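S.K.: sequence plus the predicted model coming up.
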Amino acid sequence: MLLSCDPRLLLYSSEEVQQAAELVYNADALIACPPEAVKNIHRTLWEAHRIASSGTNDGDPVPRPFRMSGYVPFNGPICAAMVCSSGTPSLLFFNWLNQSQNAGVNYFNRNAASAMSDEKLLKSYVGAVGAALGVALGLSTFVKRRFDPVRAKQVMQFVAFPSTVIASSLNCYIVRSGEIDTGIPIMNRRGEPIEVPGCDNLSQIAAASGVYATTASRAILNIPVLLVPPLLMNKLSFIKKMVARNPALSTPITLYLLLTSFGIGLPAACALFPQIVEVPVQELETKFHNLRDYEGRKIQKVYYNKGL
């Protein structure tokens, strides 16, 4: 996941991503007869796979702001602005911006085999962002009524955390809930779709498990991003002294702490739940229980892509 979330992947052009995808597509032929100019074809193909996966999802291009490699550089400054927000209007604005970007990340990194109509996408976006703003407004109003102005300004730094945990979880679940309705494809070890006689190979149970795992990872991600920086700003004495001497340092220090925490926390949160999940067939729908491979042996385990 450190390799998948590497921001340097954003530097590859669309043409380079497409060329990498073509290398991966022709992998079997290249391994069988590698070009003389390429000394280590396996290493070359794995790097091509990394580049292609960063910019595409099931062959469809992913815009840079919504790639996992673009999550920190595009979303980090927005999160820093949320942490620094001391007023309700600014908090609501950056929450809207944050959840709009999150909705795009969730959509473009879903299991792309699950189709989503434009109407469903619009409803998901409105529901996710509406929930985010509702939570942020409710907590902001509570803090300002509960504490005096000086204390309220300090507490407002932490409002972004609970509001975004709830909002990000709702955002991910709402945007990707369509996968649970339709199901996602079940694969073998090679990533090939498994044929189910007389039925499709879609599993709603696998889809639900994948969506729940991704939702949990989005909630966990907010701990290093939105909780750690304000805690360090308020608890580390040398940082407090620096900011007291020069208040203008508050924003750059917050941004530095947040981007560092984000850069470490993103791959860690994603890695908690594998993207390709192995599951015993007995845990899925009954149509998968008696599947057999090409040699007639009963299949015990299958796989699915939960998305990122």
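M.R.: Everything's here; your move. Source: prediction; values computed, not measured.

S.K.: residue ranges of each domain in the chain, please.
M.R.: 1-61, 63-305 (automatic domain parsing).

S.K.: give me the contacts around the helix or strand containing Lys240.
M.R.: Following DSSP states H and E, the helix or strand that holds Lys240 is helix 237-245. The contact list for helix 237-245 (C-beta atoms under 8 Å, 6 or more residues apart in numbering) reads Leu232, Met233, Asn234, Leu249, Ser250, Ile253. (Each C-beta comes from the backbone N, C-alpha and C, glycine too.)

S.K.: neighbours of the third one, how many?
M.R.: The reference is to Asn234. Number of residues near Asn234 (other C-beta atoms under 10 Å) recorded here: 13.

S.K.: name the SS class of it, please.
M.R.: helix (DSSP: H, G, I helix; E, B strand; the rest coil).

S.K.: quick one: it and Thr254, what's the gap?
M.R.: Taking C-beta to C-beta, to the nearest Å as the measure, Asn234 falls 11 Å from Thr254.

S.K.: strands of the stretch 151-300 of the chain, start to end?
M.R.: 184-185, 202-203, 276-280 (DSSP state E, counting those that start in this stretch).

S.K.: what sits against Leu3?
M.R.: Arg50.

S.K.: one more time with 10 Å, if that's ok
M.R.: Leu9, Trp46, Glu47, Arg50, Ser53, Ser54, Ser69, Pro267 (C-beta atoms under 10 Å, 6 or more residues apart in numbering).

S.K.: check which helix or strand the fifth one maps to.
M.R.: Following DSSP H and E, one finds Ser53 within helix 41-55.

S.K.: can you give me the buried ones in that helix?
M.R.: Ile41, Thr44, Leu45, Ala48, Arg50, Ile51, Ala52, Ser53, Ser54, Gly55 (16 or more other C-beta atoms under 10 Å).

S.K.: and those residues, which is closest to Gly76?
M.R.: Ser54 (17.5 Å; C-beta to C-beta).

S.K.: identify the spatial nearest neighbour of the closest one, chain neighbours not counted.
M.R.: Computed as C-beta to C-beta, 6 or more residues apart in numbering, the closest residue to Ser54 that is not its neighbour in sequence is Leu9, at 4.0 Å.

S.K.: for the one you found, what are phi and psi?
M.R.: phi -60, psi -20 (degrees, to the nearest 10).

S.K.: next one: Asp58
M.R.: phi 60, psi 40.

S.K.: please name the nearest non-neighbouring residue to it.
M.R.: Looking at Asp58 with C-beta to C-beta, 6+ apart, the closest residue is Ala112, at 3.5 Å.

S.K.: that neighbour in helix, strand or coil?
M.R.: coil.

S.K.: let me see the contact set for it.
M.R.: Here Ala112 is in contact with Thr56, Asn57, Asp58, Gly59, Asp60, Val62, Ile184, Asn305, Gly307 (criterion: C-beta under 10 Å, 6+ apart).

S.K.: what's the spacing between it and Asn57?
M.R.: 5 Å.

S.K.: name the residues contacting each of these two.
M.R.: With C-beta under 10 Å, 6+ apart as the test, Ala112 and Asn57 both reach Asn305, Gly307.

S.K.: how far away is Arg151 from Val143?
M.R.: Arg151 is 9 Å from Val143, by C-beta to C-beta.

S.K.: the two: which is more packed in?
M.R.: With neighbours defined as other C-beta under 10 Å, Arg151 and Val143 compare such that Val143 has more, 18 against 11.

S.K.: surely the more buried one and Leu137 touch.
M.R.: No. Using C-beta atoms under 10 Å, Val143 is not in contact with Leu137, being 11.1 Å away.

S.K.: shared neighbours, the two?
M.R.: Common neighbours of Val143 and Leu137 (C-beta under 10 Å, 6+ apart) are Thr88.

S.K.: before we move on, back to that, among the strands of the stretch 151-300 of the chain, which is the most enclosed?
M.R.: strand 184-185 (a mean of 24; mean count of other C-beta atoms under 10 Å).

S.K.: may I have the strands that pair with it, each with its orientation?
M.R.: strand 202-203 (antiparallel) (DSSP bridges).

S.K.: just the mean pLDDT for the partner strand, thanks.
M.R.: Taken as a whole, strand 202-203 carries a mean pLDDT of 92.

S.K.: over to stretch 105-112?
M.R.: Per-residue scores along stretch 105-112 average to 84.

S.K.: got it, and stretch 217-237?
M.R.: 84.

S.K.: likewise stretch 24-35?
M.R.: 84.

S.K.: where does the protein dip in pLDDT?
M.R.: 37, 86, 114-116, 153-154, 156-160 (pLDDT under 70).

S.K.: quick one: the helices in it?
M.R.: Secondary structure of the chain (DSSP state H): helices at 14-25, 27-32, 41-55, 71-84, 88-108, 118-146, 149-182, 204-222, 228-235, 237-245, 250-271.
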